[in-house]
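based on what follows, work out the 3D shape:
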Amino acid sequence: MSLLALVLAVVLSMSCKEMSLVLGDIGTATSYDPPYMPTKCNGNRQDQFPAGNLFVKVSEGLWDNGAACGRRYRLRCLSGRNRPC
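Here you go, the predicted model:
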């Protein structure tokens, strides 16, 4: 019986290693032309933008009365490589 338990434990640990917890949702991205200020997070501060000026506007659900300020998100475009998000 202990051999069966060992085999089950090994299989379970290997399958758990391959799993990951991911939370995501499909939404709409919006792009804007400069000037990007003022913003609702940091007003007119120039240092609020990351290097490369890659930043997003979030939906009301993510905005949460400003709780989204400073958060980082990973985005993936579903519209294709040659179409901007």
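
quick one, helices of this structure?
Counting by DSSP state H, residue ranges of the helices within the chain are 2-18, 60-63.

can you list the buried residues in the longest one?
Which is helix 2-18. For helix 2-18, burial by neighbour count (16 or more other C-beta atoms under 10 Å) applies to no residue. Where C-beta positions appear, they are placed from N, C-alpha and C, glycine not excepted.

next, count neighbours for Phe55.
Using other C-beta atoms under 10 Å, the number of residues around Phe55 comes to 14.

do Gly27 as well
Neighbours around Gly27, by other C-beta under 10 Å: 13.

and what of Pro50?
9.

give me the pLDDT for it.
On pLDDT, Pro50 comes in at 80.

let the chain start at 34 from now.
Taking 34 as the first residue, the last one we looked at is Pro83.

next one: it from Ala38, what distance?
Using C-beta to C-beta, to the nearest Å, Pro83 is found at 50 Å from Ala38.

Ile59 too?
Relative to Ala38, Ile59 is positioned 42 Å away (C-beta to C-beta).
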